[in-house]
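Sequence isn't available, so here's the structure alone:
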């Protein structure tokens, strides 16, 4: 279940942006109200000083003669560019050059200043007095108020290099009202900027928080061990780098957990195998004890009879010895079979695959084992071919044939038939079958005959000394070859078979 955040990053970014913008606007308005007038005055002061320097240079420029058209144009350019009024008088207070009419109050002010007859410079209302900005050996800069025009002015009165006096005047042009108007405009712009900026930052922040939410969802799925989830963004920034790192972390966690699961499964398999081995060991001991109990008891009984001289008849003594020898041979065969089966089941006897002629191997075995068929009075037939090469461990495959053949001899009906044949299966394998006539195997016994010590007919097994291990050896050998094997009931016969790859 997703956790609902109290405040999203986009909302937080928007609030921080608007607050920051309002603080900046406040300081801008404060600076605008307190600093812009001073800045404007300094600009005007520098402008009149520049005009004074340009007029002084113009009057000293011999290349531009006085009272020529070129001189007048340059003089007009200076006054127009800086928006100032300029009047130049000589030492006799006669006007040399002026950008205003001769009867202008500006000229009267200059005359009053030079003659120093009127400290108020002919202004009717100058109770506040003038403010001197700067005074040097050649000029003086003041700010004064003209009540008639209801405006402040910056004035420069200075002596030029040729001895003439220059009077330069520039209006402050209602700076205070302009500041108020500027602050209102700034406030209006600020409100609009806050609205549109808030919308923009909200949109931008959502674009930023969207991949972050994807990463949060990815981490939640990783918490639930869902490592199929991957960050699919392609951002070339810190978020993209974080997503790439999380993808790598997801892959690492997935492989680590997979390894842990595999190790856990292996551990479970080992424990199950150990329990299985313990059960097998217990069954083995129980079965071996049971199988050895009878021959040992027989050997012990007949040996004690010989010792106690139960019979003085030589034939009886020989019979007793034959029984002891026969039971000892059975025990010896069983122990050998158990050792063989033990090596196969625990992988100590590796399969050595080689190419060999299975027809020749069967013919060689039958030559040595045909006496068993003769003793059992059965007919043996072999569907022989010239050559048939297969892949397998020839020694162990011969042991499979021996167990099948021995089993057939012991279970064939009296005067019956045993047939060994080879065929090709539909998938190309070579199938070797040992078929004996006689009773079929019950359905209950079909799945149990491959189990160690299992005997479908215990009375008959006892007669020929069977221990129930032979077919278990067949099972172990064929499973080591990874090949098929089995038993099929036919009408009046039983077929045991195994298969090998053709060579």
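Cool, the structure landed. If you're wondering where the values come from, they're calculated on a predicted model, not measured in any experiment. Numbering: from 1, shown residues only.

Can you pull out the residues in contact with stretch 186-197?
Stretch 186-197 is contacted from outside by 17-18, 21-22, 25, 28-29, 32, using Cβ atoms under 8 Å, 6 or more residues apart in numbering. C-betas here are computed from N, CA, C, even on glycine.

what's the answer for stretch 216-232, then?
Here stretch 216-232 has contacts from 2, 211, 214-215, 243-244, 246-247, 249-251, 253-254, 257, using Cβ under 8 Å, 6+ apart.

same thing but 7 Å
If you take Cβ atoms under 7 Å, 6 or more residues apart in numbering as the criterion, stretch 216-232 is touched by 214-215, 243, 246-247, 250, 253-254, 257.

What's the mean pLDDT across it?
Computed over stretch 216-232, the mean pLDDT rounds to 71.

for the protein, what helix or strand is lowest in average pLDDT?
For the chain, using mean pLDDT, DSSP states H and E, the weakest element among its helices and strands is helix 458-464, scoring a mean of 47.

Give the next helix or strand downstream of that one.
Scanning forward in sequence from helix 458-464 by DSSP states H and E, the next helix or strand is helix 470-481.

So what's the gap between that next one and the chain middle?
47 Å (Cα atoms, centre = their mean, to the nearest Å).

quick one, the helix or strand following it and helix 470-481 angle?
Moving toward the C-terminus from helix 470-481, the next helix or strand (DSSP H and E) is strand 485-490. If you take axes from the mean of the first three to the mean of the last three Cα atoms, to 10 degrees, strand 485-490 sits at 130 degrees to helix 470-481.

and whichever helix or strand comes after strand 485-490, what's its mean pLDDT?
Downstream of strand 485-490, the next assigned helix or strand under DSSP H and E is strand 493-502. For strand 493-502, the mean pLDDT works out to 95.

And stretch 368-386, by the same measure?
82.

same question, stretch 52-60
Averaged across stretch 52-60, the pLDDT comes to 93.

before we move on, the earlier item: what's the lowest-pLDDT member of the contacts of stretch 186-197?
residue 32 (68).

re the thing from before, return a PyMOL selection command for the buried portion of the contacts of stretch 216-232.
To isolate the buried members of the contacts of stretch 216-232 in PyMOL, using 16 or more other Cβ atoms under 10 Å:
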select buried, resi 214+215+243+246+247+250
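
out of the contacts of stretch 216-232, who's nearest residue 367?
residue 257 (61.5 Å; Cβ to Cβ).

wait, is the closest one part of a helix?
Yes - Residue 257: assigned to a helix according to DSSP: H, G, I helix; E, B strand; the rest coil.

What is the neighbour count of residue 192?
10 (other Cβ atoms under 10 Å).

for it, helix, strand, or coil?
Residue 192 ends up helix, using three-state DSSP.

That one and residue 203, how far apart?
Between residue 192 and residue 203 the computed distance is 17 Å (Cβ to Cβ, to the nearest Å).

all helices of this protein, in order?
Ranges of helices within the chain are 9-34, 36-60, 69-82, 105-115, 175-223, 238-307, 314-345, 358-376, 394-411, 443-446, 458-464, 470-481, based on DSSP state H.

can the ones you listed go into a markdown table with extra columns for distance to residue 158?
Listed next are those as a markdown table, based on distance: least, Cβ to Cβ, whole Å:
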| stretch | distance to residue 158 |
| --- | --- |
| helix 9-34 | 31 |
| helix 36-60 | 5 |
| helix 69-82 | 14 |
| helix 105-115 | 11 |
| helix 175-223 | 24 |
| helix 238-307 | 63 |
| helix 314-345 | 122 |
| helix 358-376 | 131 |
| helix 394-411 | 127 |
| helix 443-446 | 132 |
| helix 458-464 | 142 |
| helix 470-481 | 121 |
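
ranking those helices by mean pLDDT, which is last?
What stands lowest among those, in mean pLDDT terms, is helix 458-464, with a mean of 47.

Now do the same contact list for residue 344.
With Cβ under 7 Å, 6+ apart, residue 344 has these contacts: 473, 476-477, 480.

Which of the residues you listed ranks first by neighbour count?
Most surrounded of these: other Cβ under 10 Å gives residue 477, at 25 neighbours.

Which stretch among the helices of the chain approaches residue 497 most closely?
Among the helices of the chain, helix 394-411 sits nearest to residue 497 (Cβ to Cβ), with 8.4 Å.

what's the domain layout of the chain?
For the chain, automatic domain parsing gives the domain ranges 35-173, 227-345, 350-502.

Could you check how far the first one is from the centre of its chain?
Remark: domain 35-173 is offset 79 Å from the chain centroid, using Cα atoms, centre = their mean.

Ok, the shortest one next?
Taking the mean C-alpha point of domain 227-345 and that of its whole chain, the gap between them comes to 42 Å (Cα atoms, centre = their mean).

For residue 299, give me its contacts.
With contact set as Cβ under 7 Å, 6+ apart, residue 299 has these partners: 324, 327-328.

In TSV, list the residues you listed along with distance to residue 93 and neighbour count.
Below are these laid out as TSV (distance: Cβ to Cβ, whole Å; neighbours: other Cβ atoms under 10 Å):
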residue	distance to residue 93	neighbour count
324	167	19
327	163	20
328	161	14
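
okay, these in TSV with distance to residue 487 next?
Below are those laid out as TSV (distance: Cβ to Cβ, whole Å):
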residue	distance to residue 487
324	35
327	30
328	31
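
Contact partners for residue 162?
Contacts of residue 162 by Cβ under 7 Å, 6+ apart are 59-60.
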